[in-house]
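Trainee: take a look and give me a structure for this.
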Amino acid sequence: MKILVPVKRVVDFNVKVRVKADGSGVDTANVKMSMNPFDEIAVEEAVRLKEKGIATEIIAVSCGLPACQETLRTALALGADRAILITTDVELQPLAVAKLLKAIVDREAPQLAILGKQAIDDDANQTGQMLAALLGWPQATFASKLDIADGRATVKREVDGGTESIEMALPAVVTTDLRLNEPRYATLPNIMKAKKKPLETITPAALGVDVTPRLKTLKVVEPAKRKGGGRVADVKELVAKLRTEAKVIG
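Mentor: Presented below is the predicted three-dimensional model:
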């Protein structure tokens, strides 16, 4: 079974994000970048399926600037067999990424696509669902457990009231939640081996995909600073403030 795992290059989760002075976006100059944490979980799950003998090949895919090669090399060091970089300097939105991934799926014919449920930069949580819709494949989002057997996938997923189990036929799309697994660290020998693994570079035009943005970012601003708390003398003053200042009661 062949597994496709998309990975995204994002600002490292330990970095405090800064907004550009002109409000046009987030400042990424001289900022540490890394693989999206949810995508690390997706790569780990694919590697575990290969270690169980269920998967035969893992293909990592990334879309964006040439610097995304670093993220793909990390995926290769973690256990992916080969990588594909769809290189473009256009700001990619979820629908464009889903269309690019569909083109790769049509070409590579994987039986399973495992994606992180969302990226920590835009928190869109849309690409996996859009990919499943474009392919006409069944999908299971927010997976906290995944089992593959007899051409079917059984997914335990988290919902508001607890968990639910879904069974679906392959090929399918699965998006990962935090509790699915704990990603391993790339060892030095595997990092060195990753340099020799194949990494193909291709353009959206070669795939016949239009990635022109459908949405325009008007302005990016930092969240307003929270005001400090205050003390009240008694319940009567508290109620008055809730009514007149916070306006949360009538």
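Trainee: now for the chain, the helix or strand with the poorest mean pLDDT.
Mentor: Confidence across the helices and strands of the chain bottoms out at helix 235-244, with a mean of 90, counting by mean pLDDT, DSSP states H and E.
Trainee: can you tell me the SS state at residue 63?
Mentor: When classified by DSSP: H, G, I helix; E, B strand; the rest coil, residue 63 comes out as strand.
Trainee: name whatever forms a beta bridge with it.
Mentor: Each beta-bridge partner of residue 63 is listed here: residue 86, as defined by DSSP bridges.
Trainee: my read: it touches residue 98, true?
Mentor: No: applying C-beta atoms under 8 Å, one finds residue 63 not in contact with residue 98, separated by 10.2 Å. (Glycine included, C-beta is placed from N, CA and C.)
Trainee: so how many other residues sit close to residue 145?
Mentor: 16 (other C-beta atoms under 10 Å).
Trainee: ranges for the helices of the protein?
Mentor: Listed in chain order, the helices found in the chain under DSSP state H are 37-51, 68-78, 94-108, 127-135, 188-194, 204-207, 235-244.
Trainee: between the first one and helix 68-78, how many degrees?
Mentor: Computed by axes from the mean of the first three to the mean of the last three C-alpha atoms, to 10 degrees, the angle separating helix 37-51 from helix 68-78 equals 40 degrees.
Trainee: to residue 28, which of the helices of the chain lies closest?
Mentor: Of all those, it is helix 68-78 that lies closest to residue 28, at 12.7 Å by C-beta to C-beta.
Trainee: the closest one: how far from the chain's middle?
Mentor: The gap between the average C-alpha position of helix 68-78 and the chain average comes to 15 Å, counting by C-alpha atoms, centre = their mean, to the nearest Å.
Trainee: what's that helix in contact with?
Mentor: Outside helix 68-78, the residues that touch it by C-beta atoms under 8 Å, 6 or more residues apart in numbering are 5, 7-9, 33-35, 39-40, 43-44, 47, 60, 62, 80, 82-85, 87, 183-184, 186-187, 190-191, 193-195, 197, 199.
Trainee: and what of stretch 88-106?
Mentor: Residues lying outside stretch 88-106 but in contact with it, judged by C-beta under 8 Å, 6+ apart, are 4, 6, 59, 61, 63-65, 84, 86, 113, 124, 126-127, 130-131, 133-135, 203-204, 207-215, 217.
Trainee: now do the same contact list for residue 80.
Mentor: For residue 80, counting by C-beta under 8 Å, 6+ apart, the contacting residues are 5, 43, 46, 47, 58, 59, 60, 72, 197.
Trainee: ditto for residue 207
Mentor: Counting by C-beta under 8 Å, 6+ apart, residue 207 has contacts 86, 100, 103, 104, 107.
Trainee: can you do 6 Å?
Mentor: Residues near residue 207 by C-beta atoms under 6 Å, 6 or more residues apart in numbering: residue 103.
Trainee: report the longest strand in this structure, please.
Mentor: As assigned by DSSP state E, the longest strand anywhere in the chain is strand 139-149.
Trainee: count of residues packed around residue 20?
Mentor: Summarising burial for residue 20: neighbours were counted as other C-beta under 10 Å, giving 12.
Trainee: pipe the helices of the chain into JSON lines and attach distance to residue 175 per row.
Mentor: Putting the helices of the chain into JSON lines (distance: least, C-beta to C-beta, whole Å) gives the following:
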{"stretch": "helix 37-51", "distance to residue 175": "8"}
{"stretch": "helix 68-78", "distance to residue 175": "17"}
{"stretch": "helix 94-108", "distance to residue 175": "12"}
{"stretch": "helix 127-135", "distance to residue 175": "4"}
{"stretch": "helix 188-194", "distance to residue 175": "25"}
{"stretch": "helix 204-207", "distance to residue 175": "22"}
{"stretch": "helix 235-244", "distance to residue 175": "40"}
